[in-house]
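J.: Test case, fold it:
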Amino acid sequence: MLPMGASAEQISALREELGLNKTIAEQFVIFVSNALQGDFGASFQYGRPAMSVVLEHLPATLQLAGAALLVGGILGAGIGILAAIYRGTLFETGLMTIALLGQAAPVFWVAVMLILVFAVNLGWLPTGGYGGIENLILPATALSVYVAASLARLARGSVLDVINAEYVRTAWAKGLSSRVVYVRHVVRGALIPIVTLFGIIAGELLGGSVVAETIFGWPGIGRVTIQAIEARDFAVVQASVMIIAAIFVGINFAIDLLYGVLDPRIRLTRKA
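T.: Predicted coordinates:
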């Protein structure tokens, strides 16, 4: 942090400014006290509070993750449900083969292939950067492939488990239409494991997709964290970890509350 040839007085002054002249125990108490207030110190790269640096990049991550989760969630759940409904057919085999290939393909490989095809060869979209919708399409698509493939495989298994349930057979026996049986009974009953996995994936993406953000030059939390690690800007790293942890906790809490909405049997009842 100091220039080459810095004097002993300059080194001593910086150590005092950073609090490094105190004991480890004192430094730890000060750090915890400040961290509880959201103060992780200043970033020496940006010359600003580390938390403000991280929060500045949060909207970009939310935008990218939101687009990937929306597209991937709809496609993944749809593919899985259709594969379960048409089980034992070539249609199911084709859908699940696509899902298997999508889950096996690394995000960095999918990202590079998308750039080569749609940016380099066809010239339809930019190779990266942050700006309009055209900059969002490729990174969101690269992430949505992973989201869709993961959800599709789980959705199929979950729907197959519910299809043979007693209450579903009862619904068929009542003469309800296929649409009512699948939408009201089968799909709703299969949502809990799907929502659980969706929440885990959402936490990962909202915490910053390091690979996609780095390849496409997307200024999100993942990219700024990697840059901070490389530069040993520990204040930014600590602030990023805290934000990512808070996102995971918040999403898991929301998922727990959603369980009661999806399945009334899970709702907590107050005992006298």
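J.: and the residue sitting nearest the centre point of the chain, backbone torsions?
T.: In the chain, the residue lying closest to the centroid (Cα atoms, centre = their mean) is Leu205, at 1.7 Å. Per-residue torsions, Leu205: phi -70, psi -40 (degrees, to the nearest 10).
J.: doesn't Leu70 make contact with it?
T.: No. Counting by Cβ atoms under 8 Å, Leu205 stays clear of Leu70, with 11.1 Å between them. In short, each C-beta sits where N, CA and C put it, glycine included.
J.: Could you report the pLDDT at Gly208?
T.: Turning to Gly208, the model gives it a pLDDT of 59.
J.: same deal with Pro139?
T.: 90.
J.: Likewise for Val236?
T.: Predicted confidence (pLDDT) for Val236: 90.
J.: Likewise for the one 10 residues further on?
T.: Per-residue confidence at Ala246 stands at 88 (pLDDT).
J.: Now it: which helix or strand?
T.: Assigned by DSSP states H and E, Ala246 falls within helix 234-262.
J.: What residues sit buried inside stretch 51-60?
T.: Buried residues in stretch 51-60, counted by 16 or more other Cβ atoms under 10 Å: Met51, Val53, Val54, His57, Leu58, Ala60.
J.: What score does the fifth one have for pLDDT?
T.: It refers to Leu58. Per the predicted model, pLDDT is 89 at Leu58.
J.: before we move on, could you check phi and psi at Gly38?
T.: The phi/psi pair for Gly38 (degrees, to the nearest 10) is phi 80, psi 20.
J.: I'd like to know how far the closest residue to Gln103 other than its chain neighbours sits from Asp233.
T.: Leaving out its chain neighbours, the residue that sits closest to Gln103 by Cβ to Cβ, 6 or more residues apart in numbering is Ala149, at 3.8 Å. Using Cβ to Cβ, to the nearest Å, we find Ala149 at a distance of 35 Å from Asp233.
J.: again with Val210
T.: Counting by Cβ to Cβ - Val210 and Asp233 are separated by 16 Å.
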